[in-house]
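> Need the 3D shape of this:
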Amino acid sequence: MPTVVHKSHRSLASSLKASGLVGPALSTALTTAIVAAKEAESKNKCPRCWHDKSTRCICALVPNMPVSKVDARATILIHHKEYLSAGDDAKLLPMMCPEGTAQMVVYGVEGWEEKVLALNPADSNPVILWPGKDSLSVDEWLLTRPSPVPLSSSSSSSSSSSSSS
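All right, here's what the predicted structure looks like:
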């Protein structure tokens with residue numbers, strides 16, 4: 001089956017190139033199409049845990065993390081190959097976090113850059129999760145924080161101090 005997927009991706013890439021797309025525009029169009037195809041083929045998957053809805057859903061087993069534990073909003077950048085993969089653990093953080101405090105963004109999909117650039121450190125304590133040699137554990141990150149800036153569920157909080165750096 002993976003061979004078929006790769007052949008269809010090559011065919012799609014050829015079609016997109018023939019339509020005049022090149023460089024980043026080609027990459028974005030291809031990644032967006034691949035993710036859309038994965039979503040269309042995943043009707044039987046739970047939208048939260050990505051396991052089979054009827055036989056393997058793990059949502060009830062994933063604990064909720066209180067907002068006071070981390071006091072931040074998280075954005076998880078994932079590769080399109082990870083998206084909708086039941087074995088991928090990136091989906092667990094948004095499942096554990098309080099509603100609206102974590103989002104997953106598929107790197108390379110149409111609009112991903114705007115979502116990342118829209119993060120505002122002054123009012124949301126954003127955290128971007130991306131594996132790398134300089135990545136920190138949550139405990140290490142908490143030690144670097146000068147003082148907690150409380151999150152509010154509404155985006156407009158009058159005149160609280162927003163000087164946290």
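> residue contacts, the residue nearest the centre of the chain?
With distances taken as Cα atoms, centre = their mean, the residue of the chain nearest its centroid is residue 104 (1.7 Å). In this structure, residue 104 makes contact with 75-76, 78, 90-91, 94, judged by Cβ atoms under 8 Å, 6 or more residues apart in numbering. Glycine gets a C-beta too; all of them are placed from N, C-alpha and C.
> Please verify my assumption that residue 9 contacts residue 30.
Yes - judged on Cβ atoms under 8 Å, residue 9 makes contact with residue 30 at a distance of 7.1 Å.
> okay, these two: which has more neighbours?
Neighbours of residue 9 and residue 30, each counted by other Cβ atoms under 10 Å, are more numerous for residue 30; the result is 20 against 15.
> Check which helix or strand the more buried one maps to.
Using DSSP states H and E, the element containing residue 30 is helix 23-40.
> Pull out the buried residues from that helix.
Neighbour counts using 16 or more other Cβ atoms under 10 Å place 28-35, 38 of helix 23-40 among the buried residues.
> hang on, the earlier thing: out of the contacts of residue 104, which comes closest to residue 120?
residue 75 (11.7 Å; Cβ to Cβ).
> Could you say which helix or strand holds the closest one?
Using DSSP H and E, residue 75 maps to strand 73-78.
> Just the pLDDT for the residue lying closest to residue 57 once chain neighbours are set aside.
Ranked by Cβ to Cβ, 6 or more residues apart in numbering and with sequence neighbours excluded, the top spatial neighbour of residue 57 is residue 46, at 4.5 Å. The predicted local distance difference test score for residue 46 is 92.
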